[in-house]
Every structure is written in structure tokens, then in C-alpha cells.
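S.K.: here is the input, now give the coordinates:
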Amino acid sequence: MSDSSDDEYEVKAKKQKLSQKASDEECEGLEPVEVEEVQTDEDKMKEFATITATDEIMAQTILQDVGWDLKRALDVFFGSDAFKEARAEVVMGPTSSSESSGTQKMTAEDLKGLEINVMSWNIDGLDGRSLATRMKAVAQIVKSVNPDILFLQEVVDRDLGPIDKLQSLYKIYYSNRGCQYYTAILVSKMFEVEKHDVIHFQNSGMYRTLQIVEGSIGGIKVFLLNTHLESTREHRGQRCAQFSFCMDKCEEILAQNPGCFLFFGGDLNLRDEEVSRIPNGILDAWVSAGSDTKTKFTWDTYKNDNKQGFYNAKMRFDRLYWHGPLNKVQFSLEGRQRIRSCLCFPSDHWAISATFSAI
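M.R.: This is a model prediction of the structure:
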């Protein structure tokens, strides 16, 4: 080979190497594009069975009815009356039903002048940073708001003193104290408690429960249901099953106690698209109060920087549902003042507070 040919070959090789390097540099830093896998019908059956903790026979039955659309099939399972018993078995196994109560139905006119305030708050006891100071702030805010009924989530044994001291104002019922974390229902002294139950979700890997207090205020039957549903997006299946079970339980209570008040809420960890069928007569307190966008987001990392690494997230995780002859609802967020001594908020969640009244 001649010298000129050698030179031409070397130039071409260098150009090819430079071109490849430029291409590599252009690609560097780009996120890989995820190629969505096409699921076979068998894959969908397996995923449905895994999410719902049922079997592939039920999966096939529902998927066939909705044209093998997995999302629609899950919505049908979690939202349809036809699968009420199956959902219950998934979450907590067979249960026995209680006898119907003879509570007399009352109207808003009968209850004119009555006000009931219900507050719910995930107090983030799992975050050990400034915990003692934060729990003191939580207790102080509770005293300031002075709710008749208080639902707490993520309560822990450590630095529980300020919460325990609220016994001077409230009767306190813990779900599974001694566990890593748990829930609590606090009711004012005027509330006559008849029964306290805790249902452990068998499909939970996070110690989650449904806590139920049954009692009365001024002779009116009242049911309180407090829960903390499964967290994070990847546990959507368990969370949707738990929420559906809770709504089924509310519907069962109302059917057996037609004149009662019912308040159900907590840290539900729900995304809007995960909200399944809501039984007739059960209302969302935030919606009943007018759906004010200023009070919508209860986990808002734009405004609450307690949790580092979660940026630009706005979620309505904390919700309160209700039933009763009251006809006015006022809704607010609490706990939004930063604690001066540690420059953090009492919790990474805002507390939700709803006042129900008859006018």
C-alpha cells in the first residue's frame, strides 16, 4: 500500500472515531427511554391475581368482561358490589355481622345549633428528628383547635408523653400500641364510648389497621373509623383493596344503623384515580365544604420541607368522609406554622379539620 493510501486510511479512521465520540457525548446524560412491554392475556391474569390476592379464574372472568383492559378490571373488582365478599376476604378474612340498631332518624332541623369538629393528622412519628419538640407542638395545636374527635396516624411509643397528656381532655384509644407505629382515636369527654375494635388488614405489609369506635353524642349513635392505608405507588393494589373494604364497612354500618352519624378518615394515601365507588350517603368533607384549592393538598413539599428529597409533590393523601343529617361543612388545614426552635413543621402532613353543623 502506498504512503498516500495509508494517509487516506488514517484520516478516515480518525473521522470515524471522532464521529463515534460525538455521538456518545450527545447520548451521555440522556435518560433511557422505557419501552412499554406488551402484556399477554396470561400476563394480565397473573398481574390481576397478584394485585387483588385472588386467583386467575376470577381474573379471567373480569378481564373478559372488560375487553382485557387491566385497569378497568381492577376498577371493577375494587368498586363493584358483586365482589364485596371477595374484597373482604382479601383484606381481613371472614367476619360476622352485627344486629341492626334501632337508632331514630333525625333531621337537620332537629339538630339545629349542633356542631361537631373532626380533625385528622398523620403526625409522622417515624421521623425521629426533633420528635419531642414536634409532639409538643402537635399537642398544643390540638388544644388550640379543640376538636371533638381526633384521628391520629403514625403514632409511636417514643416521646408519646404530650399525646398521652391529652387524656385530661380526651378519652384515648390506640390501635396496636407497642407496634412500630399505630393509629389513635381521641374523643371528647362528652362522647359515650360503647365499643372499640381494631381490624388488622391481612394484606398489609406495613402493620396497617382499621380502627373503629362506636358510641354516642347526646343520644345520637356515632361511628368513628380511623385508618392509615398502604403507602407508596407500588402498593396501589393493597391500598385500593383496603379502601374498598373500608367503604364496604361504612355501607354495612349505615345499613344496620340508619339514624347514625359516621366519620371515616385518616391518611388514606390515595391518588384521585384510585378512589373507587363511594356508597350513597357518604360524602367527602373537603368537597362538601366547597373544594377550595387552598385546602386541597395535605402533603405538599412545595410548602413543607420536613422531608428532603421529595420535591414538587402535592397530594391529597389525608381525607375525611362523613354521613349524617348535618348540612354545613367548614374545612381547614392546621399545623402550617414552622416551629421556631427547630425550624421545621410539626409533621410532614398538614392536619385536616372539618366542622359539621346544622343550620
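S.K.: and Glu273, how many residues sit next to it?
M.R.: For Glu273, the neighbour count with other Cβ atoms under 10 Å is 9. Every C-beta, even on glycine, is put in place using the N, C-alpha and C of the backbone.
S.K.: show me where the stretch 201-350 of the chain has strands.
M.R.: Ranges of strands within the stretch 201-350 of the chain are 209-217, 220-228, 261-267, 283-284, 299-300, 314-315, 318-323, 328-334, based on DSSP state E, counting those that start in this stretch.
S.K.: with distance to Arg236, mean pLDDT and mean neighbour count added, can I get those strands in a markdown table?
M.R.: Supplementary listing: those in a markdown table, determined by distance: least, Cβ to Cβ, whole Å; pLDDT from 0 to 100; neighbours: other Cβ atoms under 10 Å:
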| stretch | distance to Arg236 | mean pLDDT | mean neighbour count |
| --- | --- | --- | --- |
| strand 209-217 | 18 | 97 | 21 |
| strand 220-228 | 16 | 97 | 24 |
| strand 261-267 | 15 | 98 | 25 |
| strand 283-284 | 20 | 98 | 16 |
| strand 299-300 | 16 | 96 | 20 |
| strand 314-315 | 14 | 96 | 14 |
| strand 318-323 | 16 | 98 | 23 |
| strand 328-334 | 25 | 98 | 17 |
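S.K.: how about those in JSON lines, adding distance to Leu166?
M.R.: Supplementary listing: the strands of the stretch 201-350 of the chain in JSON lines, determined by distance: least, Cβ to Cβ, whole Å:
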{"stretch": "strand 209-217", "distance to Leu166": "16"}
{"stretch": "strand 220-228", "distance to Leu166": "15"}
{"stretch": "strand 261-267", "distance to Leu166": "18"}
{"stretch": "strand 283-284", "distance to Leu166": "27"}
{"stretch": "strand 299-300", "distance to Leu166": "24"}
{"stretch": "strand 314-315", "distance to Leu166": "28"}
{"stretch": "strand 318-323", "distance to Leu166": "20"}
{"stretch": "strand 328-334", "distance to Leu166": "15"}
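S.K.: residue contacts, Ala108?
M.R.: With contact taken as Cβ atoms under 8 Å, 6 or more residues apart in numbering, Ala108 is in contact with 325-327, 358-359.
S.K.: rewinding a little: for Asp292, which of the strands of the stretch 201-350 of the chain is the nearest?
M.R.: For the strands of the stretch 201-350 of the chain, the distance to Asp292 is smallest for strand 328-334, at 7.1 Å, taking Cβ to Cβ.
S.K.: contacts for that closest one?
M.R.: Strand 328-334 has contacts (Cβ under 8 Å, 6+ apart) with 119, 121, 141, 145, 285-286, 288-290, 292, 295, 298, 322, 350-359.
S.K.: try 7 Å
M.R.: Contacts with strand 328-334, where a contact means Cβ atoms under 7 Å, 6 or more residues apart in numbering, come from 141, 145, 285-286, 288-289, 295, 298, 350-357, 359.
S.K.: give me the buried subset of these.
M.R.: Buried residues within the contacts of strand 328-334, counting neighbours by 16 or more other Cβ atoms under 10 Å: 141, 145, 285-286, 288-289, 295, 298, 350-357.
S.K.: and the two most separated of these?
M.R.: Every pair in those was compared (Cβ to Cβ); the two farthest apart turn out to be Ile141 and Ser288, at 23.2 Å.
S.K.: now do the residue sitting nearest the centre point of the chain, the pLDDT please.
M.R.: Within the chain, one residue has its C-alpha closest to the average C-alpha position: by Cα atoms, centre = their mean, that is Leu268, at 1.0 Å. The pLDDT attached to Leu268 in the predicted structure is 98.
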